[in-house]
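J.: Need the 3D shape of this:
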Amino acid sequence: MKKLGMIGGTGPESTVDYYQTIISEFQQRTGNQESLPELLIYSINMYKIFDLLESGQEEELAEYLAAAVLSLERGGADFAVISANTPHLVFKQIQQKVNIPMISIVEATYRKAQDMKLQKIGLLGTQFTMESDFFKNPFIATGQEVVVPNKDEQQFIHGKIVEELEKGIVKEETKKELLGIANRLIEQQGIEGLILGCTEFPMIFKPEDLDIPQLNTVEIHVDEIVKMILSD
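T.: Presented below is the predicted three-dimensional model:
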């Protein structure tokens, strides 16, 4: 088995979700409730990530995250992941600075959408995730369309992620507004699936909430993580 190195704290709520889901999926696949995967977690400051992105310091962000991965390398990790979507804006730069392989949440989600044969997909996430092309590019390259909310909706979603979800706060009125945005993308844009491009979204979006498939990036990422752990 391979040892996982995970960048966490991006934010703390989703890090806990990742940890629990990895263990659950690992035990389910091995059929052994008394077996646990070996992993390392390096918890970083998500607010520093937001500050660096807001000031356009992408190279500094890549250096910050690469330093965390290198620490995991020194701790014996065989591969690494970042338990968040937004930092994948500099994923390629990070991979170039480290020596162990990394599993991209973006590429994993793209492969899942391909398997589901989705052609027009909605994307919700932080404003950085929705505005940038890093999540959209794999889809666009193969002729799929990725749709995001309008600018005002993007600002609303970003604010709720930072002010509430990243702090573990789930409000019914926020859920109602987010589902309203998702339903507008379904009705007005004709999306066939919705990418939950923030790892805190499973706190508020449930599979039964929408009439289209939801691509839970945590579950999708964990699926590939556990496959790697169990590989020879």
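
J.: the residue most distant from the middle of the protein, which is it?
T.: Relative to the C-alpha centroid of the chain, counting by CA atoms, centre = their mean, E34 is the outermost residue, at 28.4 Å.

J.: name the element it belongs to?
T.: Taking DSSP states H and E as the definition, E34 sits outside all helices and strands.

J.: now swap in L52 and tell me
T.: Under the assignment given by DSSP H and E, the secondary-structure element containing L52 is helix 46-54.

J.: what's the answer for Q93, then?
T.: Secondary-structure element containing Q93, defined by DSSP H and E: helix 91-97.

J.: Please determine how far the spatially most central residue of the chain is located from F135.
T.: Central residue check for the chain by CA atoms, centre = their mean: the C-alpha nearest the mean position is that of N85, 3.4 Å away. When distances are taken as CB to CB, to the nearest Å, N85 and F135 turn out to be 7 Å apart. For every residue, glycine as well, the C-beta is placed using N, CA and C.

J.: shared neighbours of these two, which are they?
T.: Overlap between the neighbourhoods of N85 and F135 consists of 106, 125, 129, 197, taking contacts as CB atoms under 8 Å, 6 or more residues apart in numbering.

J.: Check which residues of the helix or strand of the chain with the lowest mean pLDDT are buried.
T.: Sorted by mean pLDDT, DSSP states H and E, the helices and strands of the chain end with helix 46-54, the least confident at a mean of 92. Buried residues in helix 46-54, counted by 16 or more other CB atoms under 10 Å: 46, 49-50, 52-53.
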